[in-house]
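Novice: sequence plus predicted model, see below.
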Amino acid sequence: MTLDIRPANIIVNCNAPFLELVIVGDWLLDSQIADLELVLVQLGDGSKFKKLVFSTESLGRWDSLLMTELIRIIAYSEEKGISVDTKTLPSGIQGLLSLVSALPEREGVRRHSIQISWLEIIGNRALDLQSDINALITFIGNLTLSVVAFFRAKAHFRSIDLWRNIQDCGPSALPIITLISLLVGLILAFVGSVQLSLFGAQLYIADLVGLGMTREMGGLMTAVIMSGRTGAAYAAQLGTMQVNNEIDALETMGFDPMEFLVLPRVLALIFVMPLLCLYADLMGIMGGALVTVNFFEVSLIEYLNRTVNAIHLADLSVGIFKCAVFGVLIALSGCMRGMQCGRSASEVGDATTSAVVTGIVFIVIADSLMTIICNRLGI
Amino acid sequence: MSSPCLSIKNMTMAYGDFIIQRELSFTINHGDIFVIMGASGCGKSTLLMHLIGLHRPLVGDVFYGEQSLWQADYKARQDLLRRTGVLFQSGALLSSMTLAENVALPLTEHTCLSAQRIRQLVSYKLALVGLAGFEDYYPAELSGGMQKRAGLARAMALDPEILFFDEPSAGLDPVSAKLLDDLICSLRDHLGATIVIVTHELASIFAIGTYSVFLDMETKTMIASGPPKKLLAESKDPKVLRFLTRGASESSSFSEMKHKHEIL
């Protein structure tokens, strides 16, 4: 590797009707070469020279660099009707050249990038949206059918899968739910205390935190966490199964993937979400108590008493109902994106991303709707 | 053309405590088409992982020419491995990139060539493997054989001295497999590259292999080495013969035995 690299060059010898190209030096990828436009100019338009020959006596080492230049020169010559005598090249280069031309480019294979106008992009998006909605409705329909089959005890899936899914999205999620809910309760208490302590109503922090957590924040935070934790996992699992043909295999064995894969996941999440929500509410209230008892002159008993008085069963059930709905939405978006996944590794990533995005969008829309409805109904 | 290009000295490979193969020693010469063969699960692909620097041997070392691969520091090892190209079993093309981007990746990373020249090089490499015009396709849009050839184009991007192939003909129809074998041979001839192939495809082993080693699962070491045809003609080891004749040697001896019984 310590050999000197001789500069690469092509010398043009004109002795019409032949044009001789003398290739000298080492043609290695790292070496600098002069621009070869000059050679092409000398070749002219095919009227001056009829034949191109090469001389390679002083050619040193060479690699793909030389090959690309030769291919360019030969292609140019052929276009201009100049015949090229490749026999004058070393046998290795001849072999590679014949290999390159062995399988010529098929007609219509090459793609040309077309400038798409912004109107077309918007149009395509709208059409995509339509097919997206179609897919969503079809998916919901299939899911409903398999839920019906489940209640008629005719759904085919392994009950161990259901239990494993419940384990994965329930108890395993407790640490993160604990942390987030405790902190949310803490923050609610701090934010409320700033205003309430202005007129000595620190005790009412209990109302604020209790109602805030049970009606809204407990369920919403649980849903956001589960969307990132479980919704993404569902999409990635099903997407990878799609890439590995596992879903096709299930179908050929007579299993409905909807029943076998999607149903246990959806059921697990619907079952677990209300429980997680209840747990999150409790943790939030504890977070609030932590602040109120430590920083303001309120005893723990007073705080808990106030909380019990403030929260009615209706508040608690609204929160839990919301969370069950979120569970359906998370499972739906996760499983749907997973089942729609394409057949390559990068598409698993796309499926996961869009599962989380779709999930959170669904959650926020559903939450707003339900809050408005509850408000109108006076619940 | 028979100077050593790659040699393995007294190498033992293991995953944790589980020994895959022990005391392997062999030399691959320049211009060889070297076949690593053996039954499924005997550690062929693991051996390849050790040769290309993805897995550190438990004992022993790999030498590129005179330079040790595993004694070298990280930087030196990267420099050694830049002289190699690897075609993985399924092509291992990055699925989020087009073929052109896949092939251009090592070029943009390891050379300072202009974008124009890289484009020319990519077209040349793709034409070399018979994929001219497929620059803007994504791997998922191609058939298995085409993906494999595109993987080969990427492996050759930096004009490597040594090309490694992991089961090149697995999953290909016989004609495509034959075309790939021919391509490997002509690349060896014209580029002067050394080829190392891990395979159990008998047709390719006999068609293109110039030298081979046979890894055995039970004794956990290599039990035969030499040109494949010579092994078939001269080997006395029943395991090697059974492998090289697809079990025919065994059934013939079985029928011989049966024949003897009938005579008795």
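Specialist: Received it, and whenever you're ready, just let me know what you need. In this text the structure is predicted, and so the values were computed from the model without any measurement.

Novice: part of a helix, is residue B:135?
Specialist: No - counting by DSSP: H, G, I helix; E, B strand; the rest coil, residue B:135 falls outside a helix, being coil.

Novice: hmm, residue A:110 and it touching each other?
Specialist: Yes - counting by Cβ atoms under 8 Å, residue B:135 touches residue A:110, with 7.5 Å between them. Where C-beta positions appear, they are placed from N, C-alpha and C, glycine not excepted.

Novice: higher neighbour count, the two?
Specialist: Using other Cβ atoms under 10 Å in any protein chain shown as the criterion, residue B:135 and residue A:110 rank with residue B:135 on top: 20 against 13.

Novice: what packs against the worst-scoring helix or strand of chain A on mean pLDDT?
Specialist: Across the helices and strands of chain A, mean confidence by mean pLDDT, DSSP states H and E is lowest for helix A:37-43: a mean of 76. Using 3 or more Cβ pairs under 8 Å, 6 or more residues apart in numbering or on different chains; DSSP states H and E as the contact test, the elements touching helix A:37-43 are strand A:9-15, strand A:18-27, helix A:64-79.

Novice: just the C-alpha atoms of the helix or strand that that helix is followed by, please, in CSV.
Specialist: Proceeding N to C from helix A:37-43, the next assigned helix or strand is strand A:51-55, under DSSP states H and E. Provided in CSV are the C-alpha atoms of strand A:51-55 (Å, rounded to 0.1, in the frame of the first residue of the first chain):
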residue,chain,number,x,y,z
LYS,A,51,-12.7,4.1,-34.8
LEU,A,52,-11.5,4.4,-31.2
VAL,A,53,-8.6,2.3,-30.0
PHE,A,54,-6.9,2.2,-26.6
SER,A,55,-3.3,1.8,-25.5
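
Novice: what about the residue nearest to residue B:88 when sequence neighbours are not counted, distance to residue B:44?
Specialist: Spatial nearest neighbour of residue B:88, chain neighbours left out: residue B:166 (5.4 Å); criterion: Cβ to Cβ, 6 or more residues apart in numbering or on different chains. According to Cβ to Cβ, to the nearest Å, residue B:166 and residue B:44 sit 8 Å apart.

Novice: show me what the strand or helix carrying residue A:126 is packed against.
Specialist: Using DSSP H and E, the element containing residue A:126 is helix A:118-151. Secondary-structure packing of helix A:118-151 (3+ Cβ pairs under 8 Å, 6+ apart): helix A:263-295, helix A:313-339.

Novice: so for residue A:121, which of these sits nearest?
Specialist: Nearest of these to residue A:121, taken as Cβ to Cβ: helix A:313-339 at 22.4 Å.

Novice: what's the average pLDDT for the closest one?
Specialist: The average pLDDT for helix A:313-339 rounds to 94.

Novice: next, the buried residues of it.
Specialist: Neighbour counts over helix A:313-339 (16 or more other Cβ atoms under 10 Å in any protein chain shown) mark A:315-316, A:318-339 as buried.

Novice: can you list the residues of the stretch 1-150 of chain A near chain B?
Specialist: Taking Cβ under 8 Å from any Cβ of the partner chain, the part of the stretch 1-150 of chain A that reaches chain B is made up of A:29-30, A:63-65, A:67-68, A:71-72, A:91-93, A:95-96, A:99-106, A:109-111, A:113.

Novice: near chain A at all, stretch B:190-199?
Specialist: Yes - contact of stretch B:190-199 with chain A (Cβ under 8 Å from any Cβ) involves B:190-192.

Novice: the stretch 151-300 of chain A: helices as residue ranges?
Specialist: Using DSSP state H, counting those that start in this stretch, the helices assigned to the stretch 151-300 of chain A run over residues A:159-169, A:174-196, A:205-211, A:218-226, A:232-243, A:246-252, A:257, A:263-295, A:300-310.

Novice: would CSV of the helices and strands packed on helix A:118-151 with distance to chain B be doable?
Specialist: Formatted as CSV, the helices and strands packed on helix A:118-151 follow (distance: least, Cβ to the nearest Cβ, whole Å):
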stretch, distance to chain B
helix A:263-295, 26
helix A:313-339, 17
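
Novice: residue B:180 contacts residue B:147, correct?
Specialist: No - with contact taken as Cβ under 8 Å, residue B:180 and residue B:147 are classed as non-touching, separated by 11.8 Å.

Novice: the longest helix along chain B: which residues count as buried?
Specialist: Selection of the longest helix in chain B by residue count, based on DSSP state H, yields helix B:174-191. Residues B:176-177, B:179-181, B:183-184, B:186-188, B:190-191 are the ones in helix B:174-191 that count as buried (16+ other Cβ under 10 Å).
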